[in-house]
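S.K.: sequence and predicted structure are below.
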Amino acid sequence: MAKKQAKSRNLVIFTLIVIALIVTLFVLNQMSKEAGKYQSFDNAPELTGQPLLGNKDAKVTIYEFGDYKCPSCKYWGEQIYPKLVKDYVDTGKANFSFINVLFHGEESRMSSLAAESVLAQNPEAFWPFHEALFRAQPDVESNWVTVNKMLEVAQTIQPGIDMAKLKSDIETLATQPQVTIDEDLVRNFKVKQTPTIMINDVMLDDPFDYDAIVELIEEKL
Ligand code: CA
């Protein structure tokens, strides 16, 4: 009898150890998953002077650190951006902002100068211009950002843009102070790839993981 009792007690202890082990492994696995997905900062990027699409009072801001010269940004703009706009911006739950990253040299700078000029002229014209710039990016790597190309793209959008002002803003680097603000943000937030996506003060490792973006937005709402 005593032997049987001891046997069943051992079985209980063994079962408990196995359960504890499984729980520990599960928690560790979840922790490592989360650690690889997000990076938290003390604050979100400063929005003053940045373009903002959607409800300005929304609790959540989706930031794209992007580059008009970057093919992945064009792809992100086609695959992820429309879904986010439909599900979160158009519904008023979140707004969207774009910060220039100049990882592709002088063409990145020129397209940023142009976009900042359009923003300064008329914030309503910014998003149509922004989207048209990504559409204008050719599928094959080439030098396509020129003053004439910027004017050509600007000509296609509504509301209309003052072409003479846009041309002189680009040529005289009039909007360089705004571009410098973005370059400082890129440095301060240690942005290493484009696009980089932040939801308020949290940066995602994978900008194409739509489920992770949604999870984070829902958490912040
Ligand atoms: Ca900016």
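M.R.: On my side now, so go ahead.
S.K.: what about the residue lying closest to Cys70 once chain neighbours are set aside, distance to Tyr68?
M.R.: The shortest distance from Cys70 to any non-neighbouring residue, by Cβ to Cβ, 6 or more residues apart in numbering, is to Thr194 (4.5 Å). Heads up, the C-betas are built off the backbone N, CA and C, glycines and all. Using Cβ to Cβ, to the nearest Å, Thr194 is found at 10 Å from Tyr68.
S.K.: for the chain, what lies in contact range of the ion?
M.R.: By Cβ under 5 Å from the ion, the residues of the chain that approach the ion are 50, 182.
S.K.: do a quick rundown of the helices in this protein.
M.R.: Assigned by DSSP state H, the chain shows helices spanning 2-37, 71-79, 81-84, 106-121, 123-136, 147-155, 163-171, 176-188, 210-220.
S.K.: in TSV, list the ones you listed along with distance to Ala58, mean pLDDT and mean neighbour count.
M.R.: Supplementary listing: the helices of the chain in TSV, determined by distance: least, Cβ to Cβ, whole Å; pLDDT from 0 to 100; neighbours: other Cβ atoms under 10 Å:
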stretch	distance to Ala58	mean pLDDT	mean neighbour count
helix 2-37	23	69	10
helix 71-79	20	97	17
helix 81-84	12	98	17
helix 106-121	19	98	22
helix 123-136	16	98	18
helix 147-155	28	98	17
helix 163-171	30	98	16
helix 176-188	20	98	15
helix 210-220	10	96	16
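S.K.: tell me which of those lies nearest to Leu53.
M.R.: helix 123-136 (5.4 Å; Cβ to Cβ).
S.K.: which elements pack onto the closest one?
M.R.: Counting contacts by 3 or more Cβ pairs under 8 Å, 6 or more residues apart in numbering; DSSP states H and E, helix 123-136 packs against helix 71-79, helix 106-121, helix 147-155.
S.K.: next, format the helices of the chain as CSV and append distance to Leu47.
M.R.: Shown next, in CSV, are the helices of the chain (distance: least, Cβ to Cβ, whole Å):
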stretch, distance to Leu47
helix 2-37, 24
helix 71-79, 20
helix 81-84, 17
helix 106-121, 13
helix 123-136, 13
helix 147-155, 24
helix 163-171, 22
helix 176-188, 10
helix 210-220, 15
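S.K.: can you count the residues close to Thr194?
M.R.: 24 (other Cβ atoms under 10 Å).
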